[in-house]
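Student: Please find the sequence and the predicted model below.
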Amino acid sequence: MTQLATLIWTDVERIRAQAPLVHSITNFVVMNNTANALLALGASPAMVHAPEEVEEFVSISSALVINIGTLDATFVAGMKRAMKQAKALGKPIVFDPVGVGATSFRNQVSEELLTLAAPDIIRGNASEIMALAGLNAQTKGVDSLYGSEAAVDAAKRLSSVWGSVVVISGETDYIIHGDQIAKVANGHPLMTKVTGMGCTATALIGAFAAVNTNYVQAATHAMAVMGIAGELAVARNSAPGSLQVNFLDTLYQLTEANITDTLNLTLS
């Protein structure tokens, strides 16, 4: 476990040293949360979605994060241009299919985006991963009605079709690529009482992918740091309002010892 913790810490140090620019086209609900989380981790956020400028912004960024939480025609046009540019330039693309399965519009847009430029990493809850894989999964808006383990087969299917690393977030986070499966059992149930924590995880994955081209490692390390920071934040004060603040403070103050002492990661 110490060796794994060292690998994670190496990525954290790279992010803090390089401050990679993470271009996020994300939803209105979480723009502030995710930008602050990226800053606290050590990355540099840019929340830019205007179609007229996304291609230029992708060109100067180290990673692109696409989050379909509050879709409209303008956002979709910006996402398409940005993903096409990122793919052409070889920049990592992280895709968060928020609420896919809830409406036919989300399903259609997700299919179009995946076909246009297959993401390097996809992160969603179990309902979203199952819906994205074409299963008739039930969803409660942006919340999952299933445990993360229920979506493992769907994640394997998605990974096979698109070649992406697929992350299922939940009580246990699964990171899947081909036959590789990593399980992160860090985190705390109270994190579900703060809006946008899943979106924050996706943003952090973007930061790790910007400094580690092994995207299985990048996604795994990001989910481990996300869960560890959540656990430590809850230990400071177990209420949702305080958790938002304490989570950012913990990310900013995170140490190698925090990771070594708290990491609960299994590889197979």
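Tutor: Looks like it came in fine.
Student: Do you know the pLDDT at residue 142?
Tutor: For residue 142, the pLDDT comes out at 61.
Student: before we move on, what about residue 139?
Tutor: Predicted confidence (pLDDT) for residue 139: 67.
Student: and if you look at residue 268?
Tutor: According to the model, residue 268 carries a pLDDT of 87.
Student: tell me which residues in stretch 98-111 are buried?
Tutor: Buried residues in stretch 98-111, counted by 16 or more other Cβ atoms under 10 Å: 98-102, 106-107, 109-110. The way it works is simple: take the backbone N, C-alpha and C, and place the C-beta from them, glycine included.
Student: With secondary structure and pLDDT as new columns, can those residues be given to me in a markdown table?
Tutor: Shown next, in a markdown table, are the buried residues of stretch 98-111 (DSSP: H, G, I helix; E, B strand; the rest coil; pLDDT from 0 to 100):
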| residue | secondary structure | pLDDT |
| --- | --- | --- |
| 98 | coil | 96 |
| 99 | coil | 94 |
| 100 | coil | 94 |
| 101 | coil | 92 |
| 102 | coil | 91 |
| 106 | helix | 95 |
| 107 | helix | 95 |
| 109 | helix | 97 |
| 110 | helix | 97 |
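Student: which among these gets closest to residue 211?
Tutor: residue 98 (24.8 Å; Cβ to Cβ).
Student: Going by distance to residue 224, which of the buried residues of stretch 98-111 wins?
Tutor: residue 98 (22.1 Å).
Student: can you tell me how far the closest one sits from residue 117?
Tutor: For residue 98, the distance to residue 117 equals 18 Å [Cβ to Cβ, to the nearest Å].
Student: Then residue 162?
Tutor: 10 Å.
Student: Where does the prediction get shaky in the stretch 101-250 of the chain?
Tutor: 137-144 (pLDDT under 70).
Student: Let me see the ranges of the helices in the chain.
Tutor: For the chain, helices defined by DSSP state H occupy the ranges 2-18, 31-41, 54-60, 73-89, 104-116, 126-132, 152-162, 197-211, 215-236, 240-253, 256-262.
Student: Give me the buried stretch members for stretch 7-27, please.
Tutor: 7-9, 11-12, 14-15, 19-27.
Student: Correction: the previous question concerned stretch 174-192.
Tutor: 174-177, 181-184, 186-188, 190-192.
Student: Convert that stretch to CSV, retaining C-alpha atoms only.
Tutor: In CSV, the C-alpha atoms belonging to stretch 174-192 read as follows (Å, rounded to 0.1, in the frame of the first residue of the first chain):
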residue,chain,number,x,y,z
TYR,A,174,-14.5,1.2,-9.5
ILE,A,175,-11.9,2.2,-12.2
ILE,A,176,-12.1,-0.2,-15.1
HIS,A,177,-10.1,-0.5,-18.4
GLY,A,178,-10.2,-3.8,-20.2
ASP,A,179,-9.3,-6.5,-17.6
GLN,A,180,-7.9,-4.0,-15.2
ILE,A,181,-10.1,-3.1,-12.2
ALA,A,182,-9.1,-0.9,-9.3
LYS,A,183,-11.4,-0.4,-6.3
VAL,A,184,-11.2,2.7,-4.0
ALA,A,185,-13.1,2.3,-0.7
ASN,A,186,-12.3,5.7,0.6
GLY,A,187,-14.9,8.5,1.1
HIS,A,188,-17.9,9.1,3.4
PRO,A,189,-21.7,8.9,3.0
LEU,A,190,-22.0,12.6,4.0
MET,A,191,-20.4,13.5,0.7
THR,A,192,-23.7,12.7,-1.0
